[in-house]
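Participant: Just to be clear, the model below is a prediction. Sequence and coordinates:
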Amino acid sequence: MIDSQHEVLLYYKVGAGKSPSKLKGLICSASQFIAKVDEVYRIVLYELTVVASLLCLLITDRVLTMPAWYLGIVEALRASVVGGIGGCLYCLRGVYLNKCVLKKWDTDWHVWYYLRPIASTISGFASYLFLKAGLLMLDAEVVDNSSVYGYLAVAFVSGYNVDNFLRKLEAVAQSVWGVSKSKASDVQRREGSRTPNE
């Protein structure tokens with residue numbers, strides 16, 4: 001039985017004159033190939049859609065007249081957005097490395113590709129809060145309005161490298177408030193933190 005339009009097309013192009021068992025094997029392998037290609041394209045499309053959405057959020061206050069409450073939180077929102085963009089870049093790099101360069105595409109990481117931009121956005125926001133509170137410091141010399149760019153740069157790095165940023169936050173929390181490191185950190189250290197880019 002032919003189940004999809006891809007199989008019908010394959011039957012007419014390749015299957016004429018083949019025995020039914022060979023044709024079924026050919027159809028199955030083509031369907032599996034199409035499913036794998038679709039997975040990668042869906043992830044890339046998702047990442048690019050997230051980047052486009054975040055860029056729209058980034059320029060909203062410059063294009064539209066926004067209420068005063070929004071303008072009060074625009075720096076924190078920008079840090080979140082830039083963190084999310086950093087996370088999407090990391091995911092796109094992971095797709096490129098694993099699918100094209102290393103040829104080690106693993107479907108177990110699909111959830112990671114969808115959740116990473118969200119974690120990166122939250123990480124970008126957290127970096128803004130910790131910088132604003134003075135718990136993280138920028139080592140660069142502050143010139144005029146460059147502190148805003150410093151916040152955004154740290155937000156990008158925290159979104160791009162969430163794992164190391166969270167380790168840094170745990171170290172700050174331990175030194176400032178005496179909070180012990182989380183069990184998740186211990187597991188990562190024991191088993192080695194792995195991402196699709198490593």
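Facilitator: Perfect, I can see it now. Keep in mind the model is a prediction, meaning the values are calculated, not measured.
Participant: now what about the helix or strand containing residue 110, what contacts it?
Facilitator: Secondary structure assignment for residue 110, by DSSP states H and E: helix 110-132. Counting contacts by Cβ atoms under 8 Å, 6 or more residues apart in numbering, the residues outside helix 110-132 that touch it are 39, 43, 46-47, 50, 54, 75-76, 79-84, 86-88, 90-91, 94-95, 136-138, 150-151, 154-160, 162, 165-166, 169, 172, 195-196. C-betas here are computed from N, CA, C, even on glycine.
Participant: list the helices and strands the following helix or strand past that helix packs on?
Facilitator: Moving toward the C-terminus from helix 110-132, the first helix or strand encountered (DSSP H and E) is helix 146-160. Contact analysis of helix 146-160 by 3 or more Cβ pairs under 8 Å, 6 or more residues apart in numbering; DSSP states H and E lists helix 68-95, helix 110-132 as its packing neighbours.
Participant: Average pLDDT for the helix or strand that helix 146-160 is followed by, rounded please.
Facilitator: Tracing the chain past helix 146-160, the next element assigned as helix or strand by DSSP H and E is helix 162-177. Taken as a whole, helix 162-177 carries a mean pLDDT of 90.
Participant: Show me how far stretch 48-63 is from its chain's centre.
Facilitator: A distance of 16 Å separates the C-alpha centroid of stretch 48-63 from that of its chain, computed with Cα atoms, centre = their mean, to the nearest Å.
Participant: And the average pLDDT for that stretch is what?
Facilitator: The average pLDDT within stretch 48-63 is 94.
Participant: which other residues reach that stretch?
Facilitator: The set of residues external to stretch 48-63 that reach it, using Cβ under 8 Å, 6+ apart, is 66, 70-71, 74, 77-78, 81-82, 84-85, 88, 92, 117, 121.
Participant: Now with 10 Å, please.
Facilitator: With Cβ atoms under 10 Å, 6 or more residues apart in numbering as the contact definition, stretch 48-63 has outside contacts at 66, 70-71, 74, 77-78, 80-85, 87-89, 91-92, 114, 116-118, 120-121, 124, 152, 159.
Participant: now the residues you listed: which count as buried?
Facilitator: Among the contacts of stretch 48-63, those classed as buried by 16 or more other Cβ atoms under 10 Å are 77-78, 80-85, 87-89, 91-92, 116-117, 120-121, 124, 152, 159.
Participant: Residue ranges in the protein under the pLDDT threshold?
Facilitator: Counting by pLDDT under 70, the chain shows low-confidence ranges at 1-37, 138-146, 184-194, 198.
Participant: 80 - rerun?
Facilitator: Per-residue confidence of the chain (counting by pLDDT under 80) places the weak regions at 1-38, 136-146, 181-198.
Participant: any idea how far residue 97 is from residue 196?
Facilitator: Counting by Cβ to Cβ, to the nearest Å, the gap between residue 196 and residue 97 amounts to 7 Å.
Participant: returning to that earlier point: quick one, which of the helices and strands packed on helix 146-160 is nearest to residue 181?
Facilitator: Closest of the helices and strands packed on helix 146-160 to residue 181 is helix 110-132, at 16.2 Å (criterion: Cβ to Cβ).
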